[in-house]
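Chemist: okay, structure incoming, though there's no sequence with it:
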């Protein structure tokens, strides 16, 4: 699985994600458009807290390997890691192609909804 981790994601979470696959950190201070272009060009799933990426007009999910928007408050790393573990235990990276995931502490919403990977 290829992931692009936004700079707003804590290092503990990035370290966990590195156990799941190949990660790249977004350049510090990169504009959203630059991050989106990197995800599209390198076909990486974006992991971010930036709610701008939930704008499906500006960032149509079908152009990306997946967008995972973390909406967990407070953003405690252990809670985020558990939520990401649950997401990726249920769906492999390919199942998120072209989808926007809203990750919450008690689950996740995926649009459009993929089939469950057995």
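Modeler: Nice, thanks for sending it over. Quick caveat: nothing in here was measured; it's all calculated off a predicted structure. Numbering: from 1, shown residues only.

Chemist: ok, which stretches of this protein are strands?
Modeler: Under the criterion DSSP state E, the chain contains strands at 2-5, 22-25, 45-48, 67-70, 100-104, 107-111.

Chemist: name the residues that touch the last one?
Modeler: Yep, that's strand 107-111 we're talking about. By Cβ atoms under 8 Å, 6 or more residues apart in numbering, the residues outside strand 107-111 that reach it are 56, 61, 83, 86, 87, 91, 96, 99, 100, 101, 102. Every residue, glycine included, has its C-beta placed from N, CA and C.

Chemist: partners of that strand in the sheet?
Modeler: Applying DSSP bridges, strand 107-111 is found paired with strand 100-104 (antiparallel).

Chemist: over to the second one?
Modeler: Within its sheet, and counting by DSSP bridges, strand 22-25 is paired with strand 2-5 (parallel).

Chemist: mind listing what's buried in the partner strand?
Modeler: 3, 4, 5 (16 or more other Cβ atoms under 10 Å).

Chemist: who does the second one bridge with?
Modeler: Read it as residue 4. Going by DSSP bridges, residue 4 forms beta bridges with residue 24, residue 46.

Chemist: begin at 647, not 1, for the rest of this chat.
Modeler: Yes, from this point I'll number from 647; that puts the last item at residue 650.

Chemist: give me every residue that touches it.
Modeler: Residue 650 touches 669, 670, 671, 672, 681, 684, 685, 688, 690, 691, 692, 693, counting by Cβ under 8 Å, 6+ apart.

Chemist: right, and the first one touches residue 659 too?
Modeler: No. Applying Cβ atoms under 8 Å as the test, residue 669 and residue 659 come out as separate, 10.3 Å apart.

Chemist: overlap in contacts, those two.
Modeler: residue 651.

Chemist: and the helices in this structure?
Modeler: Along the chain, counting by DSSP state H, helices occupy 657-664, 678-688, 723-736.

Chemist: circling back: can I get the buried residues of strand 648-651 in JSON lines with pLDDT and distance to residue 713?
Modeler: Formatted as JSON lines, the buried residues of strand 648-651 follow (pLDDT from 0 to 100; distance: Cβ to Cβ, whole Å):
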{"residue": "649", "pLDDT": "98", "distance to residue 713": "11"}
{"residue": "650", "pLDDT": "98", "distance to residue 713": "10"}
{"residue": "651", "pLDDT": "98", "distance to residue 713": "12"}
